[in-house]
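Student: Here's a sequence, model it:
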Amino acid sequence: MPSVTLPRLSGAWENLETDLFYNAVVKSWDAIVIGGGIIGLTLARELRKRDLSVLVVERGEPGREASHAAAGMLADCGDELPRPLRPLACASARMYPEFVHQLEDEAGTHVDLRSQGTILLGAESAPESPVVALTKERLTELEPGLVPSESPAYLLPERSVDPRALVFAALRACKHRGVDTSAGDPVISVDLSVGVAVGVSTPKTSFLAPIVVNCAGAWAGKFPPYSFPTRPIKGQMLSVVPPSREMVRHVIRAREVYLVPRTDGRLLIGATVEEAGYDKRTDSRTIHRLRRAATKLVPALVEARILEDWAGLRPGTPDNLPILGATRTPGYFVAAGHFRDGILLTPITAQIMSQVVCGETPEYDLAPFSPERFN
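Tutor: Below you'll find the model as predicted:
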């Protein structure tokens with residue numbers, strides 16, 4: 001295992017018993033990760049692989065926020081991605097097969113990674129990335145149930161993954177590697193002593209560590225010492241059980257809706273983009289609108305049975321780019337604000353943030369994602 005040099009805290013560490021943590025802490029860790037979504041869990045696993053002791057502190061149940069609600073499209077081929085993000089997105093997409101293989105091996109569970117590709121409908125122009133333009137005949141061969149489109153159609157070499165299975169595997173892998181967790185107790189502050197990070201506090205207790213990484217998603221700016229400009233962006237979705245398992249074979253992305261098939265026969269239909277604060281309620285009219293849009297694409301879905309509907313809170317930022325890197329406070333780092341690309345960017349985020357935390361030079365330029373860009 002590579003050696004890791006932890007930040008030196010000079011006299012701060014020796015004075016902690018008379019500082020914020022008097023009689024409050026019974027154990028310390030090398031690193032604390034705030035947030036038990038897929039970003040936080042996989043980063044914790046990566047740090048544990050480097051022989052750091054790690055604690056994940058999650059405000060609710062691990063994996064139940066944005067990660068649980070996501071569709072799982074690994075959309076690295078379209079033009080929707082902000083240009084500064086594309087190198088990370090492409091690298092992360094390439095990492096996915098080996099990443100999933102390792103998680104499945106450690107967790108002993110199956111992660112539904114599919115490689116059938118994505119059909120893109122209604123694009124104003126051909127995407128820049130390698131794609132195949134589809135004739136009407138070829139489109140019908142690939143998706144017999146799809147209404148033939150008068151607009152251009154393209155086949156993109158994208159994968160998709162089941163985020164719930166991915167999060168479950170990541171949590172199992174963390175436990176397998178000895179990552180500790182604290183759930184149901186939100187962080188209220190990152191604690192400092194002599195200007196450096198020394199741990200975190202919750203309403204119930206405090207935890208010690210010379211490294212703290214904020215992976216709290218839409219809640220990343222809700223506790224001091226920094227108010228990162230992350231905000232919740234609501235997305236409503238539903239899943240249905242089609243009359244036949246192969247009714248939709250590929251991910252289908254259109255202007256009004258997208259369809260994401262799962263190997264177990266479920267079909268996800270999504271999703272809205274709403275500025276609704278932290279409201280996670282679904283609206284029946286919105287759910288029915290999404291379903292109608294899906295049946296316009298695949299008419300036979302009118303017979304599909306609704307399995308569930310839900311809403312998730314994506315962590316957005318003012319420029320739609322994630323916040324990745326070290327803060328001005330020694331020992332305090334942030335990996336949040338992935339907006340719609342958290343599942344896609346998971347492997348690369350874990351890799352580069354573990355490099356940053358351990359004092360190494362990351363493989364990619366993180367300047368566009370610096371926490372300091374909002375100051």
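Student: can you tell me which residues contact the residue nearest to H338 when sequence neighbours are not counted?
Tutor: Closest residue in space to H338, ignoring its immediate chain neighbours: P322 at 4.6 Å, by Cβ to Cβ, 6 or more residues apart in numbering. Backbone N, C-alpha and C define where each C-beta goes, glycine included. Listed by Cβ atoms under 8 Å, 6 or more residues apart in numbering, the contact set of P322 reads 85, 335-339, 341, 345, 349, 369.
Student: ok, of those residues, which one's closest to S160?
Tutor: D341 (13.4 Å; Cβ to Cβ).
Student: Ends of stretch 54-65, what's the gap?
Tutor: 21 Å (Cα to Cα, to the nearest Å).
Student: average pLDDT across that stretch?
Tutor: The average pLDDT for stretch 54-65 rounds to 92.
Student: quick check, L259 in a helix?
Tutor: No. Looking at L259 with DSSP: H, G, I helix; E, B strand; the rest coil, it is strand, so not inside a helix.
Student: how close does the residue nearest to H338 sit to W219?
Tutor: Going from P322 to W219 by Cβ to Cβ, to the nearest Å gives 15 Å.
Student: same thing with G359?
Tutor: Look at G359 and W219: by Cβ to Cβ, they are 27 Å apart.
Student: Which of the two has more residues huddled nearby?
Tutor: W219 (22 against 11; other Cβ atoms under 10 Å).
Student: if we can go back for a sec, tabulate the contacts of P322 (a markdown table), appending neighbour count, secondary structure and pLDDT.
Tutor: A markdown table is the format used below for the contacts of P322 (neighbours: other Cβ atoms under 10 Å; DSSP: H, G, I helix; E, B strand; the rest coil; pLDDT from 0 to 100):
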| residue | neighbour count | secondary structure | pLDDT |
| --- | --- | --- | --- |
| L85 | 21 | helix | 96 |
| A335 | 32 | strand | 98 |
| A336 | 28 | strand | 98 |
| G337 | 28 | coil | 98 |
| H338 | 29 | coil | 97 |
| F339 | 21 | helix | 96 |
| D341 | 25 | helix | 96 |
| L345 | 25 | coil | 98 |
| T349 | 27 | helix | 98 |
| F369 | 23 | helix | 98 |
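Student: ranges for the helices of the stretch 51-200 of the chain?
Tutor: Listed in chain order, the helices of the stretch 51-200 of the chain (DSSP state H, counting those that start in this stretch) span 66-69, 86-107, 136-142, 163-177.
Student: isn't E256 right up against R292?
Tutor: No. Using Cβ atoms under 8 Å, E256 is not in contact with R292, being 9.3 Å away.
Student: nearest residue to H176 other than its sequence neighbours?
Tutor: Closest to H176 by Cβ to Cβ, 6+ apart is E106, at 4.9 Å.
Student: typed the wrong thing, it's F168
Tutor: F168 sits nearest to T109 (Cβ to Cβ, 6+ apart), 6.2 Å away.
Student: again, but for L259
Tutor: I252 (4.4 Å).
Student: Name the SS class of the one you found, please.
Tutor: strand.
Student: next one: phi and psi at P299?
Tutor: Per-residue torsions, P299: phi -60, psi -30 (degrees, to the nearest 10).
Student: separation between the residue nearest to it when sequence neighbours are not counted and I119?
Tutor: Using Cβ to Cβ, 6+ apart and skipping the chain neighbours, the partner closest in space to P299 is V147 (6.6 Å). Between V147 and I119 the computed distance is 12 Å (Cβ to Cβ).
Student: These two: which has the busier surroundings?
Tutor: Set side by side, V147 and I119 show more neighbours around I119, with 26 against 14, by other Cβ under 10 Å.
Student: Could I get the contacting residues of T317?
Tutor: T317 neighbours (Cβ under 8 Å, 6+ apart): 229-231, 323, 337, 339.
Student: how close does it sit to V212?
Tutor: For T317 relative to V212 (Cβ to Cβ), the value is 20 Å.
Student: Ok, L345 next?
Tutor: 21 Å.
Student: which intervals of the stretch 1-150 of the chain have sub-threshold pLDDT?
Tutor: 1-26, 78 (pLDDT under 70).
Student: can you pull the contacts of T230?
Tutor: Per Cβ under 8 Å, 6+ apart, neighbours of T230: 217-221, 315-317, 323, 336-337.
Student: so what pLDDT did it get?
Tutor: 97.
Student: From L259, how far off is it?
Tutor: 29 Å.
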